[in-house]
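> Sharing a sequence plus its predicted fold:
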Amino acid sequence: MNIRSNTITNKDQLFLLPNDFFDNGRQEYCPECAEMWGIINYFPIIKPSLQIIYTSIEKPRKKLVDMIGYENQNCPTLILSNKSPIYQNCGLLSVNGYNFLNNVRDIGRYYSHRFGTSYPRGA
């Protein structure tokens, strides 16, 4: 697995949609991003490891596309710093030298390995 990953910062980059955006003719929020905020609030040990980046609902999401490709612009996405540990069986992906997780359940499993947090039910 390539471990170039995020060389811009020593923090993992967590890409989220804003908590309130206009889409489909109405105000909406992203349930998976809200769940991610729940995990961060349940386990405060996680937040200092993160650079949280809000991205637009509109695609393409340029920064994600530039880093991990057009097909990988889901939110939430966690792009690991090059100093972050790698664990097996977390759904870790690698594209263009960046290691990342592209859904809230895999991110939760990763945190259970890294920080000793509870394992997400059903994952």
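Yes, it's here.
> Mind telling me what element Q13 is part of?
Secondary structure from DSSP states H and E places Q13 in strand 12-16.
> And that strand, what does it pack against?
When contacts are defined as 3 or more Cβ pairs under 8 Å, 6 or more residues apart in numbering; DSSP states H and E, strand 12-16 sits against helix 31-42, strand 50-54, strand 77-79. C-betas here are computed from N, CA, C, even on glycine.
> partner strands of that strand, parallel or antiparallel?
Partners of strand 12-16 in the sheet, by DSSP bridges, are strand 50-54 (parallel), strand 77-79 (antiparallel).
> what does stretch 111-119 rub up against?
By Cβ atoms under 8 Å, 6 or more residues apart in numbering, the residues outside stretch 111-119 that reach it are I39, Y42, F43, I45, I46, S84, P85, Y87, C90, G108, R109, P120.
> Only whichever of these are buried, select them in ChimeraX.
Entered in ChimeraX, the line below selects the buried ones among those, by 16 or more other Cβ atoms under 10 Å:
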select :39,43,46,84,90,108,109,120
